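build me a model:
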Amino acid sequence: MELVSIVVPVYKVEEYLDKCIRSIQRQTYSNLEIILVDDGSPDRCKEMCDRYAAEDERIHVIHKENGGLGDARNAGIRRASGKYMLFVDSDDWIHKALIERTVETAERHEADIVLFDYVNVEENGKQGDIFLAGVPSGRVLTAKDDPSLIMCSCSAVNKLYRRRLWERTGLLFPKGRYYEDLGTVPKLMGLAERIVYREEVLYYYLLRGGSIMHSADFQKNYEDRTAAADEVLRFYRDRGLWDQYQKELEYLVFENTYFVPSKEILLNDRKSPYLARFRAYAYKRFPNLERNPYIKEMSRKDRILWLLLKRKMY
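Just a heads-up that it's a prediction; the model follows:
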């Protein structure tokens with residue numbers, strides 16, 4: 001039974017931490033190394049982490065100064081020693097068989113990354129959207145053969161990784177920025193040699209009011225989203241892969257620096273100047289993005305929203 005390292009960044013989540021940690025401890029797969037990274041949390045999380053470690057020898061705690069989610073994950077990556085690695089955010093929880101099923105898939109296919117599905121859950125327990133990868137399941141894929149992998153899921157938490165992939169690429173998350181997943185995961189997806197999608201909901205993502213996803217700090221969101229996108233674009237240019245993946249990178253920019261943030265802003269302030277700033281950023285990088293073939297494949301609902309955005313019919 002291969003060792004699996006689970007990295008859990010912890011910051012101001014004392015209300016949610018117990019459910020997260022218990023879901024990991026109760027996995028049907030037992031050979032785990034659970035790394036709790038206390039990112040300078042000012043609440044009781046530090047004491048809670050130490051208590052979990054005292055109760056379970058599989059749990060190891062790193063106490064560090066606050067550096068943000070990406071920096072905390074990086075600390076966990078450096079500490080990890082398992083063959084495989086998983087990231088779990090400390091306000092979320094996982095299916096009891098997540099590790100068992102994804103490790104089985106990884107071993108059977110010798111995968112660098114195993115993709116799986118996740119579902120949004122509101123604080124009242126109501127389940128929302130299920131996020132599907134939208135690529136063929138049950139077989140080995142690479143970005144070279146299926147370029148849509150680069151843009152299919154920018155989340156870090158719905159993947160089991162072979163730790164050797166991180167060692168081979170030398171990639172880490174950006175420090176002190178939101179949207180650290182956006183700046184990192186598309187690179188990994190492009191460099192992984194064997195990716196397998198397991199079509200099954202195994203991760204539960206909590207939607208809470210204080211999370212980054214609900215932040216109304218549009219300036220910070222703009223700066224960090226665009227910095228992450230620029231980092232990915234530069235990465236593919238530097239490696240001579242721009243022409244090969246241009247349409248996928250174009251859609252990645254459209255979705256993450258125009259379409260999604262515009263919808264988020266409109267829920268808060270339809271007169272915000274950041275609607276224009278996000279739009280300008282996307283069109284500056286890709287003036288002809290309206291011709292992108294992946295936009296034509298969006299759902300009917302999203303195509304209607306896109307039409308309204310283009311016409312500024314807010």
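
in this structure, spot the helix with the most residues.
helix 218-238 (DSSP state H).

chain center to it, what's the gap?
15 Å (CA atoms, centre = their mean, to the nearest Å).

same deal with stretch 301-314?
Between the centre of stretch 301-314 and the centre of its chain there are 26 Å (CA atoms, centre = their mean).

so for the helix or strand of the chain with the lowest mean pLDDT, what gets flagged as buried?
Using mean pLDDT, DSSP states H and E, the weakest-scoring helix or strand in the chain turns out to be strand 127-131, at a mean of 88. Buried residues in strand 127-131, counted by 16 or more other CB atoms under 10 Å: Phe131. Where C-beta positions appear, they are placed from N, C-alpha and C, glycine not excepted.

ok, now stretch 24-44?
24, 27, 29, 32-41.

how about stretch 277-290?
Buried residues in stretch 277-290, counted by 16+ other CB under 10 Å: 277-279, 281-282, 285-286, 289.

and what of stretch 172-190?
Neighbour counts over stretch 172-190 (16+ other CB under 10 Å) mark 173-174, 177-190 as buried.

could you do stretch 300-307 as well?
305-306.

residue ranges in this structure under the pLDDT threshold?
The chain contains residues with pLDDT under 70 at 210-216.

about what we covered before: what comes into contact with the longest helix of the chain?
174, 177-180, 182-183, 186-187, 190, 215, 242, 245, 249, 252-253, 256-257, 261, 264-265, 268-269, 272, 274, 277-278, 281, 285 (CB atoms under 8 Å, 6 or more residues apart in numbering).

now, the buried residues of stretch 172-190 that are in helices?
Per DSSP H, helices hold the following members of those: 185-190.

how about the lengthiest strand in the chain: buried residues?
Scanning the chain for the strand with the most residues, using DSSP state E, yields strand 195-207. Across strand 195-207, burial judged by 16+ other CB under 10 Å covers 195-198, 201-206.

relative orientation of it and strand 127-131 in degrees?
Following axes from the mean of the first three to the mean of the last three CA atoms, to 10 degrees, one obtains 160 degrees for the angle between strand 195-207 and strand 127-131.
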